[in-house]
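Asks: can't give you the sequence, but here's the structure:
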């Protein structure tokens, strides 16, 4: 495809200025530049230009319509490979991705998610019991930490059948936090190679070694256990056989899928729950509606999967939080061959950043897009809107395999905890911090009061 007769991309020049802002606050930078240059433009940085996309139609192009040409063969995915490996969320090769997706898909069938409902309910019940004690003591909590422990508790039990008081749980949480923090800093300013032993890089590699020791140890434990009907999703991955080749996943492939699912399966849900509890503090009328719905359905008990159909407003709230603060707020692709995005030519080898955060705030699809409004997700509102305008879990073939799992655990947790507790947040701050995922800029500190 030739592009000589076509209009070039608008250019956001100023590599030094752009890089400084991209490192410190990429969300504001992309907001400012898209307001100036439009929904697609070239962002010049010190380590090379990026094609920036902020509109759902362009995201649909690269993620669905021509996904085979826009791959994860990017500098950014290469940077996170030491941490995530090449699992479903990071594999660049489409044939390998399809094979691994086929092997993993049965573990996320709705019947398997239903079987994990008891795990989710029990974990939320333990959190509620712990909160009761904390409320009586009058000490504050850091909501981010508590939601991370809750969702990690769930995903570790789901994957491994691991007990909630297992020592691996705390070790994994600490190591994953350090790896995510250091890798997020490196990706935005990759000027000193990871192999250079700076203090941050040493913390990163120590964290990777800890994560690998935990995961490979668990894989070895399961391989030595010939017990049929072993609990957890990991044995299902280990036993899955490719119908075309007769192959199974290797230990390295299992490690990569496990790390991906442990990270994606708890970090994104924990962040969404944290943002939700923070927003409920700021929107008391919405909070009242969530509580009224939960009171009518639950009568003081912990929610189960069987209750979810009777808790639709809680789901609307979560959908709106995911619109405003999508945990996986941005990602990258590479054009393998010359192509077009919208009216613009994209040369082979172009590195692309796309922002779900900005795509979710397009006034073309959302009236007063910066406002928090769960009524955007009533069945009638959803039916009237372009379904590609909302993509917190991606779209097309690469849509997150664990989206139903995540929404289920979050709906159970939100309805249960808000029905039983009131959170007082002395210093609410809705400023996002954009690392690999979209965290709150400051920890959400809250005092708990148990409701009667």
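Replies: Here it is on my side, so go on. Just so it is clear, the structure is predicted and the values come from calculations on it, not from any experiment.

Asks: Between the two ends of stretch 132-143, how far is it?
Replies: End-to-end distance of stretch 132-143 (C-alpha to C-alpha, to the nearest Å): 14 Å.

Asks: can you list contacts of that stretch?
Replies: 131, 274, 277-278, 420-421, 423, 425, 443-450 (C-beta atoms under 8 Å, 6 or more residues apart in numbering). Heads up, the C-betas are built off the backbone N, CA and C, glycines and all.

Asks: how far does it sit from the chain's center?
Replies: 27 Å (C-alpha atoms, centre = their mean, to the nearest Å).

Asks: For that stretch, list every residue counted as buried.
Replies: 134-135, 141, 143 (16 or more other C-beta atoms under 10 Å).

Asks: Then stretch 65-78?
Replies: Quick answer for stretch 65-78 (16+ other C-beta under 10 Å): 66-67, 69-74, 76-77.

Asks: Now render these as a markdown table, adding secondary structure and pLDDT.
Replies: Listed next are the buried residues of stretch 65-78 as a markdown table, based on DSSP: H, G, I helix; E, B strand; the rest coil; pLDDT from 0 to 100:
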| residue | secondary structure | pLDDT |
| --- | --- | --- |
| 66 | coil | 92 |
| 67 | coil | 90 |
| 69 | coil | 95 |
| 70 | strand | 95 |
| 71 | strand | 92 |
| 72 | coil | 90 |
| 73 | coil | 90 |
| 74 | coil | 89 |
| 76 | helix | 79 |
| 77 | helix | 81 |
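
Asks: What is the most widely separated pair among those residues?
Replies: Among the buried residues of stretch 65-78, the pair separated by the greatest distance (C-beta to C-beta) is 66 and 76, at 19.5 Å.

Asks: quick one on the thing from earlier: which members of the buried residues of stretch 132-143 are positioned in strands?
Replies: Of those, the ones assigned to strands by DSSP state E are residue 141.

Asks: Can you lay out the buried residues of stretch 132-143 as a markdown table showing pLDDT and distance to residue 156?
Replies: What follows is these, written out as a markdown table (pLDDT from 0 to 100; distance: C-beta to C-beta, whole Å):
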| residue | pLDDT | distance to residue 156 |
| --- | --- | --- |
| 134 | 98 | 22 |
| 135 | 97 | 26 |
| 141 | 98 | 21 |
| 143 | 98 | 20 |
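
Asks: so residue 64 sits in a strand?
Replies: No: counting by DSSP: H, G, I helix; E, B strand; the rest coil, residue 64 is not part of a strand but helix.

Asks: which residue packs closest to it, ignoring adjacent ones?
Replies: Using C-beta to C-beta, 6 or more residues apart in numbering and skipping residues adjacent in sequence, the residue nearest residue 64 is residue 396, 3.2 Å away.

Asks: So which of the buried residues of stretch 65-78 is the closest to residue 194?
Replies: residue 76 (13.2 Å).

Asks: Give me the neighbour count for residue 331.
Replies: Neighbours of residue 331 under the rule other C-beta atoms under 10 Å: 22.

Asks: Can you point out the helix or strand that includes it?
Replies: strand 330-335 (DSSP states H and E).

Asks: Pairing partners for that strand, with directions?
Replies: With DSSP bridges as the test, strand 330-335 is paired with strand 70-71 (antiparallel), strand 351-355 (antiparallel).

Asks: Buried residues in the last one, which are they?
Replies: For strand 351-355, the buried set under the neighbour-count rule, 16+ other C-beta under 10 Å, comprises 351-355.

Asks: Just put those in JSON lines and tack on pLDDT and distance to residue 416.
Replies: As requested, the buried residues of strand 351-355 are exported to JSON lines (pLDDT from 0 to 100; distance: C-beta to C-beta, whole Å):
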{"residue": "351", "pLDDT": "96", "distance to residue 416": "43"}
{"residue": "352", "pLDDT": "97", "distance to residue 416": "40"}
{"residue": "353", "pLDDT": "97", "distance to residue 416": "37"}
{"residue": "354", "pLDDT": "97", "distance to residue 416": "35"}
{"residue": "355", "pLDDT": "97", "distance to residue 416": "33"}
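
Asks: Report whether the expected contact of the residue nearest to residue 64 with residue 66 is present.
Replies: No: in this structure, residue 396 is not within contact of residue 66 by C-beta atoms under 8 Å, at 10.0 Å.

Asks: per-residue confidence for residue 338?
Replies: At residue 338, the pLDDT value in this model is 96.

Asks: thinking again about what came up before, ok, which pair from the buried residues of strand 351-355 is furthest apart?
Replies: The largest separation in the buried residues of strand 351-355, counting by C-beta to C-beta, is between 351 and 355 at 14.3 Å.
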